[in-house]
Every structure is written in C-alpha cells, then in structure tokens.
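>>> Pasting the sequence and the predicted coordinates here, then a few questions.
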Amino acid sequence: MINTIIYNGQSLADMGVFISGSGVFNAPARDTDTVTVAGRNGTLTLDNGRYENITVSYPAFIVRDFKERVSALRNFLLTQKGYKRLEDSYHPDEYRLARWVNDFDVKPIEELYAGNFDLTFDCYPQRFLKDGENTIEVTGATTIINPELTDALPLIRAYGTGTFTINGVTVQITAASSYTDIDCDLQECYKDTLATNCNGNVVLINDSFPSLASGENSVSISGITKLEITPRWWKL
C-alpha cells in the first residue's frame, strides 16, 4: 500500500506526494510544572490539566515530475492559514487539527526527476475519531457511552426551549429560533455560526458546560423537544 495524507480536504497523492509513517505514532506531553521545596526531598509536580501540542512529521517523497509537483505542493502548503484537518492513511479512522508552520526544505535527486523531504505539522494533542462526528439524537432520558478514556467536549444542538442535563450538569435554553448550538469546547452558544451569538439565551445552571466522561453518561431533557449531540470522541 502506498501511503499519503489529506490536508484541508486536499489529497497530496493527487500531487504525486507519498509518505512514510515513521513519525506518526508519538504521543503529546502532559503540561506540568515542577516545584522544589526547601527542606523537602524530591520534586513536586503540578498538573495543569492539559496536553501540549505535538509535532507530527512525515518523511515524504515524489518519484517523478518532481519540479512541477513540488512547486504545486509548496504553493499549497504555504498558503494555508491556521489549523486545518489532517488525515493520513496510517490512521484511517482518525484525524488531527494541524497547521503548517515550517519552511520547505527539499532534497532533489536524479536531476530533478524525484526528491524527498519532511512534511512537518504543529498539531493539537488530540487524535479525533471520525465516529465522533456522527450525531446522536436524544428525545428522552438515555445513556451515551464514551468509548475512550478521555472526556469529550461535544457540540450540542438543542431544539426549542427548556433544559437538558448531562451527568448532573444542567443547561437552560430561555429563548430559541428553532434551535440553539451549544459548543462545549469553544464555550459559546450560537445558531449555525459564531456570528449568530445566542449566549444571552442560555443559562448554565452549574456554571459550566457539560462534557461526556469516559464510559456511561446520563442525559435527560425537559421542555426541549430534541438534542442532536456530536460527541467529538478523541484519544491521545
């Protein structure tokens, strides 16, 4: 099998670019601070409750039409701004959010007919599961199973007004035009886009956005007719 990546919807195989996967199995570092205390042996560790970004590097190569293909690749990568979706054929059920931040250092061989180089991305620590993009519909009390060990921050679309509760965390919708989107990652409420802000119509009864813990999660609704939950499962 010849392996490649898809970045921001563009398959690099279409540009004649293929990869090795030797750099795609690393894990991110946990964000911690260390403290030493006079008169006390050892070092204290303070956990900041998050993970650092991770650098993911793909050894890549082009085997023919090098000059034309590397030019197209360079122009594509250097015009991308911000974090984009990154997929590779080594992990067909996952994707990352990544940004291209490096220069472009290539090593042409065979009189510019072929060449190799590294494709290096700065990535969020999460490896998101594509299954986590599937919507879970809730019309009454139910249980949602998070298959991973990490807590997920879902996108919740609530229809109508009323309340919903996830694991004891209750959200109240006081007004709505059809539905309200509650983004538990961005901690914003809107309809369709952030430009349509609905924060004033949402009350966080427990002063926090809900999350989906590993394992079983209880969900109930009152007044609201339906929830559509995009769970955003992820792992490290």
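Nice, I can see it. Numbers count the residues shown, from 1 in each chain.

>>> how far away is the residue of the chain positioned farthest from its centre from L46?
In the chain, counting by C-alpha atoms, centre = their mean, G39 sits farthest out from the average C-alpha position, at 43.4 Å. Counting by C-beta to C-beta, to the nearest Å, the gap from G39 to L46 is 19 Å. In short, each C-beta sits where N, CA and C put it, glycine included.

>>> what does N197 give?
N197 is 35 Å from L46, where distance means C-beta to C-beta.

>>> Beyond the least confident helix or strand in the chain by mean pLDDT, next helix or strand please.
Ranked by mean pLDDT, DSSP states H and E, the weakest helix or strand in the chain is strand 106-109, scoring a mean of 68. Using DSSP states H and E, the next helix or strand after strand 106-109 towards the C-terminus is strand 114-123.

>>> mean confidence for that following strand?
The average pLDDT for strand 114-123 rounds to 87.

>>> strands paired with it, and their directions?
strand 54-62 (antiparallel), strand 94-100 (antiparallel), strand 106-109 (antiparallel) (DSSP bridges).

>>> Would you mind telling me which of these is nearest S218?
Smallest distance to S218 across these (C-beta to C-beta): 27.4 Å, for strand 94-100.

>>> Need the residues that contact the closest one.
With contact meaning C-beta atoms under 8 Å, 6 or more residues apart in numbering, strand 94-100 is reached by 7, 56, 77-78, 80, 82-87, 121-124, 126-130.

>>> Please parse the protein into its domains.
Domains of the chain are assigned by automatic domain parsing as 5-125, 130-235.

>>> weakest of those domains by average pLDDT?
Lowest mean pLDDT of the domains of the chain: domain 5-125, a mean of 84.

>>> Report the distance from that one to the chain centre.
Mean-position distance between domain 5-125 and its chain equals 14 Å (C-alpha atoms, centre = their mean, to the nearest Å).

>>> Quick one: end-to-end distance for stretch 28-41.
28 Å (C-alpha to C-alpha, to the nearest Å).

>>> If you could redo that for stretch 142-158, that was the one I meant.
End-to-end distance of stretch 142-158 (C-alpha to C-alpha): 15 Å.

>>> now swap in stretch 37-55 and tell me
This stretch, stretch 37-55, spans 33 Å end to end (C-alpha to C-alpha).

>>> can you list contacts of it?
Contacts for stretch 37-55 (C-beta under 8 Å, 6+ apart): 26-36, 120-125, 236.

>>> which parts of it are buried?
For stretch 37-55, burial by neighbour count (16 or more other C-beta atoms under 10 Å) applies to 51, 53-54.

>>> Share the number of residues neighbouring the residue nearest to Y83 when sequence neighbours are not counted, please.
Leaving aside its sequence neighbours, Y83 sits nearest to L97 (C-beta to C-beta, 6 or more residues apart in numbering; 4.5 Å). As a burial measure, L97 scores 18 neighbours (other C-beta atoms under 10 Å).

>>> List the contacts of the residue lying closest to A152 once chain neighbours are set aside.
Spatial nearest neighbour of A152, chain neighbours left out: L212 (4.3 Å); criterion: C-beta to C-beta, 6+ apart. For L212, the contact set (C-beta under 8 Å, 6+ apart) comprises 144, 146, 151-154, 166-167, 231.
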